[in-house]
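Colleague: Mind folding the following:
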Amino acid sequence: MTELKQNNRPNGANGKSSNIILWIIVVILIAGGIIANFHYESVAWAIRTAIGIVLFAVVLGMASRTTQGQQAWSFIKGSRTELRKVVWPTRQETVQTTLVVAVMVIITALVLWGFDSLFLWIIGWLTGQRG
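Modeller: The predicted structure follows:
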């Protein structure tokens with residue numbers, strides 16, 4: 001499942017060089033988008049946002065054609081498959097677990113408060129600052 005289809009990609013140096021070229025174009029597009037956003041700050045915010053979304057989609061499409069992009073897409077598909085296999089807790093289990101955690105936090109706070117008071121009393125008795 002994690003293996004990529006080797007038939008869909010060019011092999012050898014040509015595949016590697018096209019991969020590098022795609023990444024260079026992606027970086028140039030991102031940098032150009034950032035620079036254009038600052039340069040055209042007088043243009044309406046909605047228009048700049050729409051152009052940014054379109055540019056993001058183009059960059060994402062180009063990056064997905066690289067070897068790393070195909071590996072990332074394969075990982076995402078595998079993650080979605082694993083997510084469907086997860087057994088999620090019921091509402092009752094969630095509420096009960098939350099209550100247990102809340103009770104344990106309160107008990108821990110009381111124990112720490114008790115230790116703090118005990119140490120304060122012992123140090124006060126040793127230094128003679130408390131009667």
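Colleague: what about the residue nearest the centre of the chain, distance to residue 70?
Modeller: Centroid check for the chain by CA atoms, centre = their mean gives residue 76 as the closest residue, at 13.0 Å. When distance is defined by CB to CB, to the nearest Å, residue 76 is 11 Å away from residue 70. For every residue, glycine as well, the C-beta is placed using N, CA and C.
Colleague: next one: residue 96
Modeller: Distance from residue 96 to residue 70, by CB to CB: 44 Å.
Colleague: How about residue 21?
Modeller: Residue 21 is 16 Å from residue 70, by CB to CB.
Colleague: of those two, who's got more company?
Modeller: residue 70 (16 against 11; other CB atoms under 10 Å).
Colleague: Show the backbone phi and psi for that one.
Modeller: phi -70, psi -40 (degrees, to the nearest 10).
Colleague: Could you double-check that it lies in contact with residue 64?
Modeller: Yes: taking CB atoms under 8 Å as the definition, residue 70 is a contact partner of residue 64 at 7.0 Å.
Colleague: For the worst-scoring helix or strand of the chain on mean pLDDT, buried residues please.
Modeller: Using mean pLDDT, DSSP states H and E, helix 12-39 stands out as the lowest-scoring helix or strand of the chain, at a mean of 88. In terms of neighbour count (16 or more other CB atoms under 10 Å), helix 12-39 has its buried residues at 19, 22, 23, 26, 29, 33.
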